[in-house]
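Colleague: prediction below, plus the sequence it came from.
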Amino acid sequence: MTESSYNIKPEFISDRVRALPSSGIRRFFELISNMDSVISLGVGEPDFVTPERFSKAAFDAVAQGETHYTSNYGLPHLREAVADHLERLYGIRYDPRNEILITIGVSEGLMLALMSVLNPGDELLCPDPYYVAYLPACQLSSGAFVPVATGMENSFRVSAHDLEAHCSERTKAILLGYPSNPTGTQMTREDLTEIADLAARRDLIVVSDEIYDRLSYGMPHTCFPSLPGMRERSILLGGLSKAYAMTGWRVGWVCAPAELLEAMMKIHQYIIMSAPTPSQYAAIEAIRNGEEESQRMVADFDARRRLIVAGLNDIGLTCFEPHGAFYAFPSVRSTGLDDVEFAERLLLNEKVAVIPGSAFGDCGRGHVRCCYAAPRASIEEALERMRRFVGSL
């Protein structure tokens, strides 16, 4: 019997999974895989290779036989390093014994957080546009996802007023991701303080995805649980993928009060056991001794940020100044095309890959996400091809 002769009944797949939306990012990656000479501004990861010292720490650990499971919580030395790191940066201290959990990147941390706090039907407020995994993670956790509209007129920053306008008796939590993927938006301390006041008044939990915290340009990053009264009602997600060029190592962390963390541990211990041991040793080296390498990469991203934003605006694709992450989010409405048609035709005609903004929610329509974590020469060539494409319209 050939593989194509199998006929799997739709009922074999759970309703929960069948209801999940397909990723708009994945669709464009599949298109790119069949094309040559494409300049990709679509992949959201650094083009830098992991610094050699970080990798060597992992190789040395393997050579010394460190190839077994660690504690479910992660290596004690890594948890201590994370605790020291957050205290040094943001003045907030978590107990490495029972308030820090090492995860398979922030992706796992997000699932653990939402599965641990949401009951069926509980509402999760989230600014729109949002990272593609946020809605599916909420659905898999049986929650009700409530997008809260933002717009370019306010640099896609969400306000406490708009969040509160969407609150109901079923609202249980707010999910924030700043600096933002896909917009590059960074929140001010004043913005977040107002949201903290809302969370306290409404007795809400805040899940704060801060994977891009170190990639902040000209606007200091505020760690949400460091705000007064927020440590006890926040779940902090962080990791090394973006600012330390360690995407493939899959190391992240969750920080939360012990009772919340123990709830997440119940899930983590059954589906993961522990994060990869060699990766955890690389992470220790990165956090303890990798600040110089990280700052060098961040400075390079900042230069690319200025290059791409100026180039997009010069072409006529209006782009606000992003103050974080490594994404620009220009409007393409001036071309007369919607975001999907713009991205498809740009790819086919000029072999430049960007992601339609509608992949990130309704408020992303009319925009495209351009990732500038690419070599500067590639960004310059992509801008020239985009100029030619827009001119042809």
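Modeller: Everything's here; your move. Numbering: from 1, shown residues only.
Colleague: just give me how far stretch 152-165 sits from the chain centre.
Modeller: How far stretch 152-165 lies from its chain's middle: 19 Å, per C-alpha atoms, centre = their mean, to the nearest Å.
Colleague: oh, that last question was meant for stretch 157-176, not what I typed.
Modeller: Per C-alpha atoms, centre = their mean, the displacement of stretch 157-176 from the mean C-alpha position of its chain is 20 Å.
Colleague: buried ones in that stretch?
Modeller: Neighbour-count burial for stretch 157-176 flags 157-160, 163-164, 167, 171-176 (criterion: 16 or more other C-beta atoms under 10 Å). To be clear about C-beta, it is placed using only N, CA and C from the backbone, and glycine gets the same treatment.
Colleague: could I get that stretch in CSV with only the CA atoms?
Modeller: What follows is stretch 157-176, C-alpha atoms only, in CSV (Å, rounded to 0.1, in the frame of the first residue of the first chain):
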residue,chain,number,x,y,z
ARG,A,157,1.7,50.9,21.8
VAL,A,158,-1.3,49.6,23.8
SER,A,159,-2.9,51.8,26.4
ALA,A,160,-4.3,50.7,29.8
HIS,A,161,-7.6,52.5,28.8
ASP,A,162,-8.0,50.3,25.7
LEU,A,163,-7.2,47.2,27.6
GLU,A,164,-9.7,48.1,30.3
ALA,A,165,-12.4,48.7,27.7
HIS,A,166,-12.1,45.0,26.7
CYS,A,167,-12.3,43.7,30.3
SER,A,168,-15.2,41.6,31.4
GLU,A,169,-16.1,39.4,34.3
ARG,A,170,-14.2,36.5,32.5
THR,A,171,-11.0,38.4,32.0
LYS,A,172,-8.2,36.7,33.9
ALA,A,173,-4.9,37.8,32.3
ILE,A,174,-3.0,40.2,30.0
LEU,A,175,-0.4,39.0,27.6
LEU,A,176,2.3,41.6,26.8
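Colleague: picking that back up, inside strands: which ones of the buried residues of stretch 157-176?
Modeller: Judged by DSSP state E, the buried residues of stretch 157-176 include 171-176 as members of strands.
Colleague: and Ala282, what does it touch?
Modeller: Taking C-beta atoms under 8 Å, 6 or more residues apart in numbering as the definition of contact, the neighbours of Ala282 are 50, 54-55, 57-58, 246, 249, 251.
Colleague: show me which pair in the residues you listed is furthest apart.
Modeller: Pairwise distances across these peak at 12.9 Å for Ser55 and Val251 (criterion: C-beta to C-beta).
Colleague: what is the least confident helix or strand in the chain?
Modeller: Taking mean pLDDT, DSSP states H and E as the measure, helix 24-32 is the helix or strand of the chain with the lowest mean score, a mean of 69.
Colleague: chain center to the helix or strand following it, what's the gap?
Modeller: Read in the C-terminal direction, the helix or strand following helix 24-32 is strand 39-40, with elements assigned using DSSP states H and E. Centre-to-centre, strand 39-40 and its host chain are 20 Å apart (C-alpha atoms, centre = their mean).
Colleague: try stretch 278-293
Modeller: Put simply, stretch 278-293 sits 20 Å off its chain's centre (C-alpha atoms, centre = their mean).
Colleague: same thing with stretch 328-344?
Modeller: Per C-alpha atoms, centre = their mean, the displacement of stretch 328-344 from the mean C-alpha position of its chain is 22 Å.
Colleague: sorry, back to before: among the contacts of Ala282, who's most crowded?
Modeller: Ranked by neighbour count (other C-beta atoms under 10 Å), the contacts of Ala282 have Val251 at the top, with 28 neighbours.
Colleague: these two touch, right, it and Thr277?
Modeller: No - using C-beta atoms under 8 Å, Val251 and Thr277 do not qualify as a contacting pair, with a distance of 10.7 Å.
Colleague: so after whichever helix or strand Asp302 is part of, what's the next helix or strand?
Modeller: Secondary structure assignment for Asp302, by DSSP H and E: helix 291-315. Scanning forward in sequence from helix 291-315 by DSSP H and E, the next helix or strand is strand 327-328.
Colleague: what packs against that following strand?
Modeller: In terms of contacts (3 or more C-beta pairs under 8 Å, 6 or more residues apart in numbering; DSSP states H and E), strand 327-328 is packed against helix 291-315, strand 368-371.
Colleague: just send the ones in strands among the buried residues of stretch 157-176 back as CSV, with distance to Cys126 too.
Modeller: Conversion of those to CSV gives the following (distance: C-beta to C-beta, whole Å):
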residue, distance to Cys126
Thr171, 11
Lys172, 12
Ala173, 9
Ile174, 7
Leu175, 4
Leu176, 8
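Colleague: so where do the helices sit in the stretch 151-300 of the chain?
Modeller: Counting by DSSP state H, counting those that start in this stretch, one finds helices in the stretch 151-300 of the chain at the ranges 160-165, 189-202, 258-271, 277-289, 291-315.
Colleague: of those helices, which stretch is the most buried?
Modeller: helix 277-289 (a mean of 22; mean count of other C-beta atoms under 10 Å).
Colleague: next one: that one to chain centre, how far?
Modeller: Mean C-alpha position of helix 277-289 versus that of the full chain (C-alpha atoms, centre = their mean) differs by 21 Å.
Colleague: same question, stretch 182-189
Modeller: Between the centre of stretch 182-189 and the centre of its host chain there is 12 Å, according to C-alpha atoms, centre = their mean.
Colleague: span of it from start to end?
Modeller: The straight-line separation of the ends of stretch 182-189 (C-alpha to C-alpha, to the nearest Å) is 20 Å.
Colleague: what mean pLDDT does the helix or strand where Leu125 lies have?
Modeller: Assessed by DSSP H and E, Leu125 sits inside strand 123-128. Here strand 123-128 scores 98 as its mean pLDDT.
Colleague: begin at 728 from now on, thanks
Modeller: Sure thing, new numbering starts at 728, so read that last one as strand 850-855.
Colleague: sheet partners, orientation included, of that strand?
Modeller: Applying DSSP bridges, strand 850-855 is found paired with strand 871-876 (parallel), strand 898-904 (parallel).
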